[in-house]
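Participant: Need a 3D model of the sequence below.
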Amino acid sequence: MSILPITIYGDKILRQKAQPVAQVTDDIIRKIKNMYDTMRNANGVGLAANQVGYRESIFVIDLEGLEEYENYKPVVMINPQIVLESEEKVLREEGCLSLPQLRADVLRSEIIKVRYIDTDEKEVEIEADSFFARVILHEYDHLIGKMIPDRVADDVKKKLTKELTSIMNREVEIEYPITEG
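Facilitator: As a prediction, the model looks like this:
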């Protein structure tokens, strides 16, 4: 398959709402494979379609390489919807392939339920917790045009301004291909 350039902070597509997938076609399967290849090449654990320039409501997750998650199979979520978020929230540091080298603490629900379509066009609903829930929520944010800076307090976002500008201006060293801007 193909390793695609990753869109980074400032690229307009990251702020656009993803379009629902009407049918899982060969083209959609090709795009999903490209997303997996791109995510793995960049050592990511999740990747949303708009992070590689696709407009569809799709994200992929692969936690198998992480301790405690060896038994988690890679998952593709098409047209995902968060149907429940626990009131219990956890503050934890997050990174993002579209925000290279930036890290920030983000408050997210500890437990969620998500409903999505799989590649066989079957509706699936699962409960996720801890890091798996966090990755789902992070990738879901991409599909609705949100990113880490939108999930942090204003004072934290202000502290990130210099890093965000460097990313937008492509002045950071990155080990994977990115869009040219």
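
Participant: hey, let's count contacts and neighbours off CA atoms from now on
Facilitator: Noted.

Participant: Point to the residue nearest the middle of the protein.
Facilitator: When Cα atoms, centre = their mean is applied to the chain, the residue found nearest the centroid is Glu139 (2.8 Å).

Participant: how about the nearest residue to that one, chain neighbours excluded?
Facilitator: Once flanking residues are discounted, Glu139 sits nearest to Ala48: 5.6 Å by Cα to Cα, 6 or more residues apart in numbering.

Participant: same thing with Glu85?
Facilitator: Sequence neighbours aside, Ile112 is the residue nearest to Glu85 in space, at 4.5 Å (criterion: Cα to Cα, 6+ apart).

Participant: And the helix or strand encompassing that neighbour, what does it pack against?
Facilitator: When elements are defined using DSSP states H and E, Ile112 is found to belong to strand 111-117. On a contact count with 3 or more Cα pairs under 8 Å, 6 or more residues apart in numbering; DSSP states H and E, strand 111-117 meets strand 75-85, strand 123-129, helix 130-143.

Participant: Mind listing the strands the shortest one pairs with, and their directions?
Facilitator: So that's strand 123-129. strand 111-117 (antiparallel) (DSSP bridges).

Participant: Just the residues contacting the strand it pairs with, thanks.
Facilitator: Outside of strand 111-117, the residues within contact range by Cα atoms under 8 Å, 6 or more residues apart in numbering are 77-86, 88, 123-130, 133.
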